[in-house]
Structure formats: structure tokens, C-alpha cells
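S.K.: structure for this input, please:
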Amino acid sequence: MTFVNDALHGETTRAGRTVLRFAVNSTLGVGGLFDVASRIGIPHHSENFGQTLAVWGIWFCR
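M.R.: Numbers count the residues shown, from 1 in each chain. The predicted model follows:
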């Protein structure tokens, strides 16, 4: 989900890092049990769909 939000933001570099983190943690991190990517310098970040909508100028009021 983070990859999709990065892509929708137009953040191609961050989207690439997200895919790389997934690949590293899926293989070297024993299926994602360990966060190997952070240890080798690929930082974690998160995006949510609300932030993506805000980037696109769509606002919802509660």
C-alpha cells in the first residue's frame, strides 16, 4: 500500500526504495520477520491514503 501511495504522490525515488525494502526484507529478512533493510540503510516510511488524497486536492470533513 505504501508503494501505491508513493506512486500516486509522484515520488518515484521513494516508491523504488519501498520496492527495494520489500525485496530485501522478504528474502534476507526471512519473509519479513526481520527488518534487514533498515540495518543496511534503507529507511522505513509510511504513507496513508488520506495523505494521497490531500496531495491530489481532495479533502473530506468529518
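S.K.: since we're on T13, how many residues are nearby?
M.R.: Other residues near T13 number 8, with proximity taken as other Cβ atoms under 10 Å. For the C-beta atoms, the positions are set from N, CA and C on the backbone; glycine is no exception.
S.K.: oh, that last question was meant for N25, not what I typed.
M.R.: The local packing count at N25 equals 20, with neighbours defined by other Cβ under 10 Å.
S.K.: what about it, which SS state?
M.R.: Here N25 is recorded as helix under DSSP: H, G, I helix; E, B strand; the rest coil.
S.K.: now do the contacts for it.
M.R.: Contact criterion Cβ atoms under 8 Å, 6 or more residues apart in numbering gives 32, 34-37 as the residues in contact with N25.
S.K.: for S46, give me phi and psi.
M.R.: phi -140, psi 150 (degrees, to the nearest 10).
S.K.: hang on, it packs against D6?
M.R.: No: taking Cβ atoms under 8 Å as the contact criterion, S46 and D6 are not neighbours in contact, 10.0 Å apart.
S.K.: what about the two, which has more around it?
M.R.: With neighbours defined as other Cβ under 10 Å, S46 and D6 compare such that D6 has more, 21 against 9.
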